[in-house]
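[1] any chance you could fold what I've pasted below:
(one chain, ligands or ions: 2)
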Amino acid sequence: MKLQDFPEEVRPYLIPKPSGDYFYRCLGCGKEQGIEELLYVCPECRGVLMIEDRKWDRLKSIPGYKWRHIFDYRSMLTEPALRGIYRFHELLGSIIPVDHIVYLGEGHTPLVASNDRLSKWAGIPFWFKNDGQNPSASFKDRGMASAFSYLRHLIESRRLDSVLAICASTGDTSASAALYASYFVEGVKSVVLLPHGKVTPQQLGQPLGSGAIVIELPGVFDDAMKVVEYLSEHYPVALMNSKNAWRILGQESYSFEIAQQLDYDLEGLAVIVPIGNAGNITAVIKGFLKLYDLHIITKLPVIVGVQSEHANPVYLYYLERNREKRIFKPVKVKPSVAQAAMIGNPVSMPRVIELVEEYREAYGSEEGFLVVEVSEQEIMDSMLMANRNGHIACTQGGECLAGLKRLVSSGILPRRVDRAVLNSTAHMLKFMIFQEKYFMDNFEPDYEVRPKKDLQNQPIVVTFPEHVPQPGVKVSLTPDEFRQFVTAASEKIADILGIEKKGDIHS
Ligand SMILES: *Cc1c(COP(=O)(O)O)cnc(C)c1O
Ligand SMILES: [Zn+2]
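    Ligands and ions are numbered 1, 2, ... in the order given. Just a heads-up that it's a prediction; the model follows:
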């Protein structure tokens, strides 16, 4: 729709101008730092940073209903830069001019409702929000669009001429960073560090295809992360992990979209998210708090983090109910099918600790934020069950469904919750190897997954006796031979399917 055709009430707001006054706030010492320089940790105490807006309160002069109108009408604009996460420009990057925004088609991912069978299986009806339908097939693109838009802004404002963008990854961060970096004609080069053998073949292929420098290191993600942190402190590289606070900002769009897709009515809703490095859960909490603060929503959803028993430091931390007594201890991870969340020492933990208290207070009770753990078995069974019912859930999506099922069956789910949004954080195709291990029954023992017969599936290979002419065996079949093959194959298939030949149509 053209700008002049929108209602006058919203027209002046539709194309946002740069506004706000952003700064880094250290969660360790509380000091503030300017954003002109790329910072990943506090220069004074090495604490993690959050980005905040000194002029945030200016946004409160616009009432909640009007914000809802602005965001809803904005979705009818054809301006590409505003079709993704920057529809919510004022909330997640308002200092960036619209013409510096990098848009590769991220965000705006669908909510797909569970059918009756799956709702019954889980305990309540839910939606998957399919973040696998982002350009690099995971939610990481939300944060990368934000981080790379800011980099582009720095380059275009001549505050930076070239960047070596570097990240460690459980697979999806590198796919996403490499994709966004490759879009830049000049100025940005991308390097990704992967734990050797700990990412799927698809995830390894993605950064290679985008032309990134791919470096494999021994160990698990937590080890590679330490190397990247050292590099970013001692060498001129731009860290693209979720330690980079710009990533968190972009990922907040996930919450904004849920609110918009449910007409801003979040009564009785649970939002369920897998936790790995804890960047995503940070962003989801922060996102809903922002909407609530601006009266764009009037009810906060219950936020649930899910972890595998094989990588559960956040779950263990919140087991202690007494806040004073909680002590965070990193864990040594065991192999997990939710490989993208297989992290024992999440870098965003200080962010989670601060935000969870704020969220529980705003929500009015501890129930506003919960963490559950699930077994590897439950994750696999749930993913396969989801995908047999029309979804495209990855293992982490399966983890969310397993978490929901646990919550309902154990009675932990707060009583007023009667619907949920589950984050399928990546596309199932990235995690095909785990489906294959399940179907072939060849999981390594450490995974502790035993396939259930009724969830397995295998191709049926049809073979023929030698006298039946077969394509591929003989170089070229005569028309008569080919008819013989088609008839023989059809009879075999009819046999497998247990169907009878129809009567002759003429008789
Ligand atoms: C990165 C990732 C996660 C974990 O998110 P964090 O922000 O690290 O907690 C979960 N699922 C997928 C598919 C991911 O790529
Ligand atoms: Zn500090």
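
[2] Tyr359 contacts Phe369, doesn't it?
    Yes. Contact criterion C-beta atoms under 8 Å: Tyr359 and Phe369 qualify, at 5.2 Å. Any C-beta I mention is one placed from the backbone N, CA and C, and that applies to glycine too.

[3] list residues touching both of those two?
    Here Tyr359 and Phe369 share the contacting residues Ile285, Ile303, scored by C-beta atoms under 8 Å, 6 or more residues apart in numbering.

[4] so which helix or strand takes in the nearest residue to Asn389 once chain neighbours are set aside?
    Closest residue to Asn389 in three dimensions, ignoring its sequence neighbours and counting by C-beta to C-beta, 6 or more residues apart in numbering: Leu118, at 4.3 Å. For Leu118, the host element (DSSP states H and E) is helix 116-122.

[5] and the next element down the chain from that helix?
    As assigned by DSSP H and E, the chain's next helix or strand after helix 116-122 is strand 126-130.

[6] close to ligand 1, is that following strand?
    No. Strand 126-130 stays clear of ligand 1 (C-beta under 6 Å from any ligand atom), getting no nearer than 11.5 Å.

[7] and that strand, how far out from the chain's middle?
    Put simply, strand 126-130 sits 12 Å off its chain's centre (C-alpha atoms, centre = their mean, to the nearest Å).

[8] what lines up beside that strand in the sheet?
    Using DSSP bridges, the neighbouring strands of strand 126-130 in the sheet come out as strand 111-113 (antiparallel), strand 419-424 (parallel).

[9] mind checking which of the ones you listed is nearest ligand 1?
    With C-beta to the nearest ligand atom as the criterion, ligand 1 lies closest to strand 419-424 of the strands paired with strand 126-130, at 7.7 Å.

[10] what lies in contact with the closest one?
    By C-beta under 8 Å, 6+ apart, the surrounding residues in contact with strand 419-424 are 111, 124-132, 139, 254, 258, 268-274, 280, 301, 304, 386, 391-394, 396-397, 400-401, 404.

[11] now, which of the residues you listed lie within strands?
    Cross-referencing those against strands under DSSP state E gives 111, 126-130, 269-274, 304.

[12] residues touching Ile85, list them.
    Leu92, Glu106, Gly107, Arg142, Ala145, Ser146, Gly250, Ser253.

[13] give me the nearest residue to the last one, chain neighbours excluded.
    The reference is to Ser253. Once flanking residues are discounted, Ser253 sits nearest to Ile85: 3.7 Å by C-beta to C-beta, 6+ apart.

[14] what's the answer for the second one, then?
    Distances taken as C-beta to C-beta, 6+ apart put Asp141 closest to Glu106, at 3.9 Å, once the chain neighbours are dropped.

[15] cool, and the fifth one?
    Excluding its sequence neighbours, the residue lying closest to Ala145 (C-beta to C-beta, 6+ apart) is Glu106, at 4.8 Å.

[16] confirm that the one you found sits in a strand.
    No. Secondary structure assignment (DSSP: H, G, I helix; E, B strand; the rest coil) places Glu106 in coil, not in a strand.

[17] touching, it and Ser138? I think so.
    No. Counting by C-beta under 8 Å, Glu106 does not reach Ser138; the two are 10.0 Å apart.

[18] residues contacting Leu401?
    With contact taken as C-beta under 8 Å, 6+ apart, Leu401 is in contact with Ala122, Phe126, Ser382, Met383, Met385, Ala386, Ala393, Leu422.

[19] how many neighbours does the third one have?
    This points to Ser382. Neighbour count for Ser382, taken as other C-beta atoms under 10 Å: 27.

[20] give the buried residues for the longest helix out of those in the chain.
    The helix that spans the most residues within the chain, counting by DSSP state H, is helix 479-497. Burial within helix 479-497, assessed by neighbour count using 16 or more other C-beta atoms under 10 Å, is assigned to Gln484, Phe485, Ala488.
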